[in-house]
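Peer 1: Test case, fold it:
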Amino acid sequence: MTEVFTAETTIGRPVDAVWERLIDWDIAARWMSGVDALRADGPTVAGTTLVFTTRGKERTGQIAALDPGRSITLRSIQGGVTADYIYMCTRHGEGTRVRLVADCRMTGPVQLLGPVIRFAIRNADSGQLDAFAATFTRG
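Peer 2: The predicted structure follows:
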């Protein structure tokens, strides 16, 4: 595993409510930086293709792993770069602790750009959970 960053936040809502918002693909672009739109080509199950628009280009990813109500891994493979975003929800008092682990692996010549790519991912996405938590106060 080549972890890029880990982030955590606590949201004052039950796990079920947080989980439902986390997998609501229609609003994902509100909290996923750089994503203009996202849709799932099927139900939220492991193997489902996710289509997202970023910087005017349509790209695909997939739900790589799923433990409903607890964790989901979203995977994007672009060229020689594989990025996994692992979201975990656990009960924390009256609310929910959400944890995000971003992992990025590279193969081929792009490996030479590894430090730059990981820096860019950390810079762009490390605030993602704060933006996600804000969707509960904005509606």
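
Peer 1: what's the lowest-mean-pLDDT helix or strand in the chain in contact with?
Peer 2: Taking mean pLDDT, DSSP states H and E as the measure, the helix or strand of the chain with the lowest value is helix 114-125, at a mean of 82. Residues from elsewhere that reach helix 114-125, judged by Cβ atoms under 8 Å, 6 or more residues apart in numbering: 2, 4-5, 32-34, 81, 83, 85, 102, 104, 106, 110. (Each C-beta comes from the backbone N, C-alpha and C, glycine too.)

Peer 1: Give me the secondary structure label for the residue of the chain most remote from its centre.
Peer 2: For the chain, the C-alpha farthest from the mean C-alpha position belongs to residue 109; by Cα atoms, centre = their mean, that distance is 25.6 Å. What DSSP: H, G, I helix; E, B strand; the rest coil gives for residue 109 is helix.

Peer 1: Thought residue 80 was touching it, still the case?
Peer 2: Yes - counting by Cβ atoms under 8 Å, residue 80 is a contact partner of residue 109 at 7.1 Å.
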